[in-house]
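Colleague: Quick check, what structure comes out for this input:
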Amino acid sequence: MLRAQQNRLAMFEAVYSYLKENESAFAGTNEFVESVNMLRAKIDGIIELEDKRSSVAKGRTNLKNETRTAAVTAGTALAGAIFAFAKKTKNITLADKSNMSYSSLDNMRDIELVLSLNSIKDLATDNLEALSGFGVTNEKFLEYKEMFKVYFDALNSRESSKAIKISAGRGVAALFKDTEELLKSIDKLAEAYRTENKQFFNGYKPSRSIKDLGAHRKKIPESSSNVIATPQS
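Modeller: Modelled structure (predicted):
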């Protein structure tokens, strides 16, 4: 959530808290009571959507990172076996194509890594029978391929999570707009108490102010102008 939205949400909560604590002042006005209940529902909706947006993004990113590490490890091992085979058979072309270190794979962007892993997989498929003597049995090759697939699937899932994140973000923005409109109506209802109940009205207005929760005061450096002089004896 953006800082500006966090500040506005804090204001929404402050308004609701004040009205709930002083609901006896407007208990006889059904529209006022219903508006306050609706305000709570809007706030809860914002929090729920924001939690969904955050959790989806974090969960998918963690999954992608975990499967990427496993895929890079498998790719490095498979490429190493191919390289060793190429060196033994003096296949310079194959050696060049399979000369990939862990760091070189790990530093690639996802799209580049996908291409490289698929290339390694194709090289292994073409030389699978010979690679058995280098530790790559059929079973081991299937294990490596499965690690690649899990990583590829995680990438696709991450793209889906981006769509969910964008959708939730738009929903949050819409709820903020709806809540602002609702507060305008509550402002109008509160005007009836300007003279009828000054204490309630005067307490309501400050709750509508938006405070910058992320702002920090700078420490004033000590200088001759702000240090209190110590009297000399």
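Colleague: residues near residue 111, how many?
Modeller: Other residues lying near residue 111 total 9 when counted by other CB atoms under 10 Å. All C-beta atoms are positioned from the backbone trio N, CA, C, and that covers glycine.
Colleague: name the helices or strands packed onto the lengthiest helix in the chain?
Modeller: If you go by DSSP state H, the chain has its longest helix at helix 30-88. Contact partners of helix 30-88 among helices and strands, from 3 or more CB pairs under 8 Å, 6 or more residues apart in numbering; DSSP states H and E: helix 3-21, helix 92-98, helix 102-106, helix 110-126, helix 128-131, helix 138-190.
Colleague: which other helices and strands contact the fifth one?
Modeller: Going back to what we said before, that points to helix 128-131. Looks like helix 128-131 contacts helix 30-88, helix 138-190 (3+ CB pairs under 8 Å, 6+ apart).
Colleague: again with the first one
Modeller: Using 3+ CB pairs under 8 Å, 6+ apart as the contact criterion, the elements in contact with helix 3-21 are helix 30-88, helix 138-190, helix 198-207.
Colleague: what's the angle from the last one to helix 138-190?
Modeller: What separates the directions of helix 198-207 and helix 138-190 is an angle of 140 degrees, with axes from the mean of the first three to the mean of the last three CA atoms, to 10 degrees.
Colleague: From residue 172, how far off is the residue nearest to residue 54 when sequence neighbours are not counted?
Modeller: Leaving out its chain neighbours, the residue that sits closest to residue 54 by CB to CB, 6 or more residues apart in numbering is residue 1, at 8.0 Å. As defined by CB to CB, to the nearest Å, residue 1 lies at a distance of 7 Å from residue 172.
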